[in-house]
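*Asks:* got a predicted structure here, sequence first:
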Amino acid sequence: MATGVKPRVKVPKSAAAGDTITIKTLISHKMESGQRKDDDGNVIPRSIINRFTADFNGQNVIDVTLEPAISTNPYFQFEAVVPESGEFTFTWYDDDGDVYETTKKISVS
Amino acid sequence: MRTTFSIATALILAAGTGLAQDSNSLSIEGEPMVTEVAAPAHMENVDTIYSGWRFRSQETQALETDDFENPAMVFVDKGIDLFDKVEGSEGKACSSCHEDVADFAGLRTTLPRVEDGELVTMENLVNECRTERMGAEPWKWSGGQMTAVTALIGLQSRGMPVNVAIDGEAAPFWEKGKELYYTKVGQLQMACSNCHEDNYGVMIRADHLSQGQINGFPTYRLKNAKLNSAHGRFKGCMKNIRATPYKEGGEEFLALELYLASRGQGLSVETPSVRN
Amino acid sequence: MDLTRRKILAIGSGTFALASLTGLPAFANQTEEAIAALTGGAEIGEGVITIDAPEIAENGNTVPISVDAPGAAQVTLYADGNPLPAVATFTFGPLSASRSASTRIRLAGTQNVIAIAKMEDGTFQKAQANVKVTIGGCGG
């Protein structure tokens, strides 16, 4: 596991059915681009988060493919519609095979 | 469909306006910060002091106004985990003694300060707890664990004015810091004052020179995408003027930290700030 | 230390000179090829989607970018002056509200950020923004 990877997400606690809500996510990750060299001139191998997904009650909101041009500590902001109360699942996929997941509940009235 | 789109557009516009806040006034999470105030009496050559936030571009400024947009906060989250983590021979965590980190409100504003005849700052206090009370290894001065915890503790004082003591037993340390500030060093023969007092607001290549205030440390720099300690930043400045840096946590940088803090008396603590 | 730094400077100015001579960002052709591969050579319209980026970025390491693409199924971002032009692809799911997203990206220098949207009807739309990346003051 890449060391010190920690996700943060911001989702409103409640919303009205059919409302558009704004979601923000960030995960601490160095996003080593594979373009840099160390002091001895050797290429530092690429090690990035290559995919991020947000789902709500099993339905997809957004699916992002990340390239090395995404900054350290990848940040995304996007919008979702929530038809009912439920749970968001946010998933980050690391080049090294690790998967980081976090969930957030929202109550819809 | 149409309604959805126009709502979306309105939201984006609203977000846009949120970002475009008046670049002269900083509010973080709605709480106003003092980024400009009359210079303290001891400063002979400057009338008004400004937070480094004032010298940044609108996009960089915006990152500090919201605790989610601020990338430093993910390190504060790590600091919370570290604060509760039991380490060392005594089986204690920070939180074993300091139940509520919010009790540290105000601490940042008074550091560095003299304790038992020695000038100490936040990193010293953290490591003293680790070695004396927890029986744990001290953390590296500018390492990720230390900066995460000093950011967390410093955050408790956010919005409070910098207020370090410079008289009494602090006076000799402050005098030493002042001397360092005005002493030319390195191959380029420059003192702190040459950039940060004589030329703040002026471009250095494509960048605005600030007054070198330290009210937002540890600070998240876009340049290296991590939290940076004040002493780490001092080191960077010294390398840039081709000088051999003093040691992080050494008596020179501690004295300099006190003097610089005193040049920011009255500015709000912005820890953890965002800079380029 | 000094040697390395000089080498870096030399390489940097060489790349810059080449880019200035051709009048195109260094990796523009790669970007055109990537876009052609994405669209299969289909015509690309303009004016429907928008991209929001700072005119001048204070640090190329973290440049905020937003794209608003009403009616898009998917948006791909390219940076035509980066060694690898692809930046990210956003695929919008059934619960996506607006077809918009924001992120923070790395730009190796002054260049164009290009968004290509594949619309729900299968057509393509484009938006582009030029971002000037400045050189930091202290040590870059």
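*Replies:* Yes, it's here.

*Asks:* CA atoms for contacts and neighbours, from now on please.
*Replies:* Fine.

*Asks:* quick check: residues of chain A near chain B?
*Replies:* Contacts of chain A with chain B, taken as Cα under 8 Å from any Cα of the partner chain, map to A:6, A:7, A:8, A:10, A:20, A:24, A:26, A:27, A:28, A:72, A:73.

*Asks:* these: which two are farthest apart?
*Replies:* Greatest spatial distance among those (Cα to Cα): A:20 and A:72, at 28.2 Å.

*Asks:* most distant residue from the middle of chain A?
*Replies:* Summary for chain A: using Cα atoms, centre = their mean, the residue whose C-alpha lies farthest from the chain's mean C-alpha position is residue A:40, with a distance of 33.2 Å.

*Asks:* that residue and chain C, how far apart?
*Replies:* Counting by Cα to the nearest Cα, to the nearest Å, the separation of residue A:40 from chain C is 10 Å.

*Asks:* could you do residue B:122 as well?
*Replies:* Computed with Cα to the nearest Cα, the distance linking residue B:122 and chain C is 26 Å.

*Asks:* measure that residue to residue A:11 for me?
*Replies:* In this view, residue B:122 and residue A:11 are 34 Å apart by Cα to Cα, to the nearest Å.

*Asks:* the more surrounded of the two?
*Replies:* residue B:122 (20 against 16; other Cα atoms under 10 Å in any protein chain shown).

*Asks:* before we move on, back to that, looking at residue A:20 and residue A:72, which is more packed in?
*Replies:* In this comparison of residue A:20 against residue A:72, neighbours counted by other Cα under 10 Å, the higher total goes to residue A:72 at 27 against 21.

*Asks:* helix, strand or coil for the more buried one?
*Replies:* Local secondary structure at residue A:72 is given as coil here, using DSSP: H, G, I helix; E, B strand; the rest coil.

*Asks:* strands of the chain, start to end?
*Replies:* Since no chain was named, I'll use chain A. With strands called from DSSP state E, chain A shows them at A:7-10, A:14-15, A:20-27, A:49-56, A:59-66, A:75-81, A:86-94, A:99-108.

*Asks:* the chain in question should be chain B.
*Replies:* Under the criterion DSSP E, strands of chain B are mapped to B:27-28, B:31-32, B:36-38, B:48-50, B:113-115, B:118-120, B:203-204, B:207-208, B:219-221, B:226-228, B:274-275.

*Asks:* TSV for those strands, including mean pLDDT and distance to chain C?
*Replies:* Formatted as TSV, these follow (pLDDT from 0 to 100; distance: least, Cα to the nearest Cα, whole Å):
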stretch	mean pLDDT	distance to chain C
strand B:27-28	94	19
strand B:31-32	94	24
strand B:36-38	96	22
strand B:48-50	96	19
strand B:113-115	98	30
strand B:118-120	98	28
strand B:203-204	86	5
strand B:207-208	85	5
strand B:219-221	96	10
strand B:226-228	96	12
strand B:274-275	95	10
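
*Asks:* wait, which of the ones you listed is closest to chain A?
*Replies:* strand B:226-228 (9.0 Å; Cα to the nearest Cα).

*Asks:* which strand or helix spans residue C:90?
*Replies:* Under the criterion DSSP states H and E, the helix or strand holding residue C:90 is strand C:86-92.

*Asks:* that strand pairs with which strands?
*Replies:* Each strand that pairs with strand C:86-92, with its direction, by DSSP bridges: strand A:59-66 (antiparallel), strand C:72-79 (antiparallel).

*Asks:* deepest-packed of these, please.
*Replies:* Most buried of the strands paired with strand C:86-92 by mean neighbour count (mean count of other Cα atoms under 10 Å in any protein chain shown) is strand C:72-79; its value is a mean of 24.

*Asks:* which residues of the chain score low on pLDDT?
*Replies:* No chain was given, so I picked chain A. Per-residue confidence of chain A (counting by pLDDT under 70) places the weak regions at A:1-3.

*Asks:* I was thinking of chain B, sorry if that wasn't clear
*Replies:* Across chain B (using pLDDT under 70), the flagged ranges come out as B:1-22.

*Asks:* so where do the helices sit in the stretch 101-250 of chain B?
*Replies:* Counting by DSSP state H, counting those that start in this stretch, residue ranges of the helices within the stretch 101-250 of chain B are B:122-128, B:144-155, B:171-182, B:192-196, B:230-240.

*Asks:* residues contacting the closest residue in space to residue C:54 that isn't next to it in sequence?
*Replies:* Nearest residue to residue C:54, sequence neighbours excluded (Cα to Cα, 6 or more residues apart in numbering or on different chains): residue C:131, at 6.3 Å. Under the criterion of Cα atoms under 8 Å, 6 or more residues apart in numbering or on different chains, the contact list for residue C:131 reads C:53, C:54, C:55, C:56, C:57, C:110, C:111, C:112, C:113.

*Asks:* I figured the first one hits residue C:79, correct?
*Replies:* Read that as residue C:53. No. Under the criterion of Cα atoms under 8 Å, residue C:53 makes no contact with residue C:79, lying 11.9 Å away.

*Asks:* how near is the nearest residue to residue B:144 once chain neighbours are set aside to residue A:91?
*Replies:* Among residues not flanking residue B:144 along the chain, residue B:227 sits closest, at 7.4 Å (Cα to Cα, 6+ apart). As defined by Cα to Cα, residue B:227 lies at a distance of 25 Å from residue A:91.

*Asks:* between these two, which is the more surrounded one?
*Replies:* Taking residue B:227 and residue A:91 together and counting by other Cα under 10 Å, residue B:227 has the greater number of neighbours (29 against 18).

*Asks:* bridge partners for the more buried one, pull those for me.
*Replies:* For residue B:227, the beta-bridge assignment (DSSP bridges) gives partners residue B:220.

*Asks:* likewise for residue B:87?
*Replies:* Counting by DSSP bridges, residue B:87 forms beta bridges with residue B:92.

*Asks:* strands of chain C, start to end?
*Replies:* Defined through DSSP E, the strands belonging to chain C, from first to last, are C:44-46, C:50-52, C:56-57, C:63-68, C:72-79, C:86-92, C:96-105, C:111-119, C:124-133.

*Asks:* list the contacts for the spatially most central residue of chain C?
*Replies:* A centroid search over chain C (Cα atoms, centre = their mean) returns residue C:79, at 2.2 Å, as the residue closest to the centre. Counting by Cα under 8 Å, 6+ apart, residue C:79 makes contact with C:31, C:85, C:86, C:87, C:107, C:111, C:112, C:113, C:114.

*Asks:* what's the neighbour count on the second one?
*Replies:* If I follow you right, that is residue C:85. 25.

*Asks:* please report phi then psi for it.
*Replies:* Main-chain dihedrals, residue C:85, degrees, to the nearest 10: phi -70, psi -30.

*Asks:* so who does residue B:243 touch?
*Replies:* For residue B:243, the contacting residues are B:185, B:186, B:187, B:188, taking Cα under 8 Å, 6+ apart as the criterion.
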